[in-house]
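**Q** Just a sequence and a predicted model for now, questions to come.
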Amino acid sequence: MPIEITVPRLGWTMEEGTFVGWLKKDGEPVRAGEPLFTLDGDKALQEIEATDSGVLRISPDAPKPGSTVSVGALLGHLLVESRSENVGQASSLPVHGASSPRVSGGRMPPELADKMSAPHFHTCSENEMPGSAKSSPATRANAESLVPVSTRELSSSAAQLPEVARPFAGLERSAISPRALRKAIELGVDWTKLRGTGRGGRIRERDVVAATAKRTSPAQPGKVVITDWTFPDLAIEEAILKPIGHEVIARPCKNEAELIAHVADADVVITQFARVNANVINAMTKARAIVRYGIGVDNVDLQAARARGIPVCNVPDYCIDEVADQTLAFILGLTRQVVSHTNHVQSGRWGLAVPLSEMRTLRQLAVGVIGFGRIGREVVKRLLPFKCRVFVFDPVVPAGDITAAGAQAATLGEILATADILTLHCPSTPQTRKLISAEALAQMKRGALLVNVARGALVDTAALTEALQSGQLAGAALDVCDPEPIPAGHSLLKFPNVILAPHIASASPTAVKKLRETVAVLAATALRGELPPNVVNGITGPRTFS
């Protein structure tokens with residue numbers, strides 16, 4: 001029976017009785033769908049980083065079946081090799097009586113990758129808009145060839161390894177913490193050249209992040225302007241940018257005039273929710289990049305930036321689990337009437353707070369998912385164990401991919417007519433704004449439920465309010481709304497069958513830390529004169545000045 005191993009950016013399967021036979025999690029064998037990590041050692045949840053450019057193999061000195069493996073040892077016994085060069089070797093290593101793991105999955109076909117960046121409907125939500133421009137060759141090379149390695153094995157076979165792996169040969173794993181090793185793999189940092197600040201000179205995660213910024217250090221210092229932020233401070237960004245000579249100027253801007261004055265002489269503009277429109281962009285005299293805190297970029301005029309040659313970057317791979325979790329919390333909150341019963345009990349009453357017919361069982365329902373990007377896929381994975389029927393609409397994803405994920409591909413019309421619960425996971429574009437209009441709501445089953453954790457502009461708020469008042473919708477759960485914040489006295493604030501959150505689905509300490517670090521590194525990359533990764537407006541080269 002295949003066991004799914006969670007690896008960032010790619011789902012791989014391994015045959016039971018091989019690697020997973022000796023991996024333990026809290027003393028218990030890893031089960032299907034669980035992340036590949038262990039709590040033994042530093043008590044931190046450590047997923048294993050690997051890229052989709054290679055295959056995993058296990059070193060001959062791997063622990064015997066039944067052993068509990070520490071994080072460091074686990075990383076040390078995994079090796080990623082180039083498929084073209086070493087896939088044959090990977091199948092020949094013994095693992096204490098078990099055959100080597102078979103790995104499935106791989107890089108997205110070019111034709112699908114092109115579709116994924118189609119301008120009319122990206123397969124992503126507010127929390128994931130993949131860049132239409134490709135990463136720099138150096139970034140791709142780093143991402144494709146970084147390897148967690150077994151030092152014992154590398155000592156004897158370093159010559160056979162990909163070039164980037166050879167510096168790791170002969171080094172002790174204890175020289176770098178598991179968390180730092182993950183970050184080095186993610187950011188493409190050769191940690192063997194770093195000086196650690198931990199006890200005994202051990203390399204910590206902060207050392208890796210600092211090295212990334214230094215790697216993109218420019219000959220001349222630059223001015224990084226931050227237009228708005230929701231964090232208590234900007235210490236993370238400043239810790240990356242200031243040590244390499246950059247100036248960080250942060251000023252909350254309340255209107256277009258303040259934005260224009262603030263960004264005029266910026267070398268890089270970092271923004272969160274401020275409206276960076278054409279007038280603001282045209283005022284930028286020397287900006288090398290606009291970087292957004294987040295995934296959705298509908299607050300930035302992409303075409304105006306492209307006309308000026310300014311790349312716009314986002315952070316497409318953070319908060320995926322957070323938003324998927326929020327979606328399931330909303331769905332269950334609606335079907336099981338969690339908020340209604342909380343209010344009921346707190347007011348001193350007991351018993352059902354709603355008619356029995358409003359207490360729904362997810363297994364008996366059909367859930368429609370609009371958008372099958374990173375978050376949409378994670379939502380489907382979370383829904384399937386509840387044994388509900390799951391339908392997916394995404395015009396740029398092949399039906400076979402949806403079927404392979406355990407869901408059923410459907411048209412928008414079919415989704416609207418079939419779904420008992422509709423959940424949105426696509427971006428806000430000219431084609432998707434007010435996708436859920438009065439007409440669309442009228443096509444839905446009477447008494448259906450709506451969940452929106454993507455963008456408020458996807459839903460016609462006036463039409464939504466009317467549908468709730470008329471009973472066409474039996475309830476809604478919204479993390480986003482148009483407008484935001486919801487105005488005082490608005491009808492949405494008064495419905496007992498509406499669950500609201502203040503645009504916080506992406507929030508967790510881990511996600512926010514990754515977001516802020518990535519934004520700072522993107523800014524540093526642009527200031528060096530390179531094209532940063534995650535460009536979403538079609539710019540293919542760095543902005544240059546005569």
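**A** Received, thanks.

**Q** for residue 224, helix, strand, or coil?
**A** Applying DSSP: H, G, I helix; E, B strand; the rest coil to residue 224 yields a three-state assignment of strand.

**Q** ok, now how distant is it from residue 516?
**A** 13 Å (CB to CB, to the nearest Å). (Glycine included, C-beta is placed from N, CA and C.)

**Q** what about those two, which has more around it?
**A** Between residue 224 and residue 516, counting by other CB atoms under 10 Å, residue 224 is the more crowded of the two (28 against 22).

**Q** so what's in contact with residue 224 and residue 516 at the same time?
**A** Common contacts of residue 224 and residue 516, defined by CB atoms under 8 Å, 6 or more residues apart in numbering, comprise residue 237.

**Q** wait, doesn't residue 525 sit right on residue 532?
**A** Yes - Residue 525 is within contact range of residue 532, at 4.3 Å (criterion: CB atoms under 8 Å).

**Q** So for residue 401, what's the nearest residue that isn't a sequence neighbour?
**A** residue 372 (7.5 Å; CB to CB, 6 or more residues apart in numbering).

**Q** can you pull the contacts of the one you found?
**A** Applying CB under 8 Å, 6+ apart to residue 372 gives the contacts 123, 380, 392, 394, 397, 401-402, 405, 425.

**Q** For the strand or helix carrying residue 258, buried residues please.
**A** Assigned by DSSP states H and E, residue 258 belongs to helix 256-263. When neighbours are counted by 16 or more other CB atoms under 10 Å, the buried residues of helix 256-263 are found to be 259-260, 262-263.

**Q** And the pLDDT at residue 253?
**A** For residue 253, the pLDDT comes out at 94.

**Q** what's the burial count for it?
**A** Residues lying near residue 253 (other CB under 10 Å) number 21.

**Q** Include pLDDT and distance to residue 421 when you put the buried residues of helix 256-263 into CSV, please.
**A** Compiled in CSV, the buried residues of helix 256-263 are given as follows (pLDDT from 0 to 100; distance: CB to CB, whole Å):
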residue, pLDDT, distance to residue 421
259, 97, 39
260, 97, 44
262, 96, 43
263, 97, 42
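
**Q** now, which of these sits nearest residue 280?
**A** residue 259 (4.7 Å; CB to CB).

**Q** Touching, that closest one and residue 281? I think so.
**A** No - between residue 259 and residue 281 there is no contact under CB under 8 Å: 9.8 Å.

**Q** before we move on, the earlier item: helix, strand, or coil at the residue nearest to residue 401?
**A** Following three-state DSSP, residue 372 is assigned to coil.

**Q** Tell me how far it lies from residue 393.
**A** Using CB to CB, one obtains 8 Å as the distance from residue 372 to residue 393.

**Q** Equivalent analysis for residue 493, please.
**A** Per CB to CB, residue 493 is found 30 Å from residue 393.

**Q** more crowded one of these two?
**A** Neighbour tally, residue 493 and residue 393, criterion other CB under 10 Å: the higher count belongs to residue 393, 24 against 11.

**Q** which one is the more buried one nearest to, not counting chain neighbours?
**A** Residue nearest to residue 393 in three dimensions, not counting chain neighbours: residue 415, with 4.6 Å by CB to CB, 6+ apart.

**Q** OK, contacts around the nearest residue in space to residue 412 that is not next to it in sequence?
**A** Excluding the flanking residues, the one nearest residue 412 by CB to CB, 6+ apart is residue 393, at 5.1 Å. Going by CB under 8 Å, 6+ apart, residue 393 touches 368-371, 409-412, 414-415.

**Q** State the pair within the residues you listed that is farthest apart.
**A** Spatially, the most separated pair among these is 371 and 414, at 15.3 Å (CB to CB).

**Q** which one of the two has more residues nearby?
**A** Set residue 371 next to residue 414 and count neighbours by other CB under 10 Å: residue 371 wins out with 28 against 14.

**Q** I figured the more buried one hits residue 426, correct?
**A** Yes - look at residue 371 against residue 426 with CB under 8 Å: they come within range, at 3.5 Å.

**Q** Can you give me the neighbour number for residue 392?
**A** Using other CB under 10 Å, residue 392 has 27 other residues around it.

**Q** So what are the sheet partners of the helix or strand hosting residue 290 and their directions?
**A** Per DSSP H and E: residue 290 is located in strand 289-292. Under the criterion DSSP bridges, strand 289-292 sits next to strand 268-271 (parallel), strand 312-313 (parallel) in its sheet.

**Q** For it, list the C-alpha coordinates in PDB.
**A** Extracted C-alpha coordinates of strand 289-292, given in PDB (Å, rounded to 0.1, in the frame of the first residue of the first chain):
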ATOM      1  CA  ALA A 289      11.100  45.900  -7.900                       C
ATOM      2  CA  ILE A 290       7.800  46.000  -6.200                       C
ATOM      3  CA  VAL A 291       7.400  43.200  -3.600                       C
ATOM      4  CA  ARG A 292       4.100  42.300  -2.000                       C
END
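
**Q** what mean pLDDT does that strand have?
**A** 98.

**Q** I'd like to know which elements whichever helix or strand comes after it is packed against.
**A** Next helix or strand after strand 289-292 toward the C-terminus (DSSP H and E): helix 302-307. Secondary-structure packing of helix 302-307 (3 or more CB pairs under 8 Å, 6 or more residues apart in numbering; DSSP states H and E): helix 278-282, strand 312-313.

**Q** if we go to 6 Å?
**A** Secondary-structure packing of helix 302-307 (3 or more CB pairs under 6 Å, 6 or more residues apart in numbering; DSSP states H and E): helix 278-282.

**Q** what does the helix it packs on rub up against?
**A** By CB atoms under 6 Å, 6 or more residues apart in numbering, the list of residues contacting helix 278-282 from outside reads 259-260, 301, 304-305.

**Q** can you rerun that using 7 Å?
**A** Contacting residues not belonging to helix 278-282 are listed as 256, 259-260, 263, 301, 304-305, 308, 310 [CB atoms under 7 Å, 6 or more residues apart in numbering].

**Q** any chance of the residues you listed in a markdown table, plus distance to residue 539?
**A** Formatted as a markdown table, the contacts of helix 278-282 follow (distance: CB to CB, whole Å):
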| residue | distance to residue 539 |
| --- | --- |
| 256 | 23 |
| 259 | 21 |
| 260 | 22 |
| 263 | 18 |
| 301 | 14 |
| 304 | 12 |
| 305 | 8 |
| 308 | 10 |
| 310 | 7 |
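
**Q** Closest one of those to residue 320?
**A** Distance ranking of these against residue 320, using CB to CB, places residue 305 first at 25.6 Å.

**Q** Which pLDDT value belongs to that closest one?
**A** pLDDT recorded at residue 305 is 97.

**Q** Low-confidence bits of the stretch 201-350 of the chain, can you list those?
**A** Along the stretch 201-350 of the chain, the model assigns pLDDT under 70 to residues 213-219.

**Q** Repeat the analysis, applying 80 as the threshold.
**A** For the stretch 201-350 of the chain, the stretches with pLDDT under 80 are 206, 209-220.

**Q** Poorly predicted segments of this structure, please.
**A** 1-175, 178-179, 182-193, 199-200, 206, 209-220, 546.

**Q** phi, psi of the residue nearest to residue 401?
**A** Main-chain dihedrals, residue 372, degrees, to the nearest 10: phi -120, psi 50.
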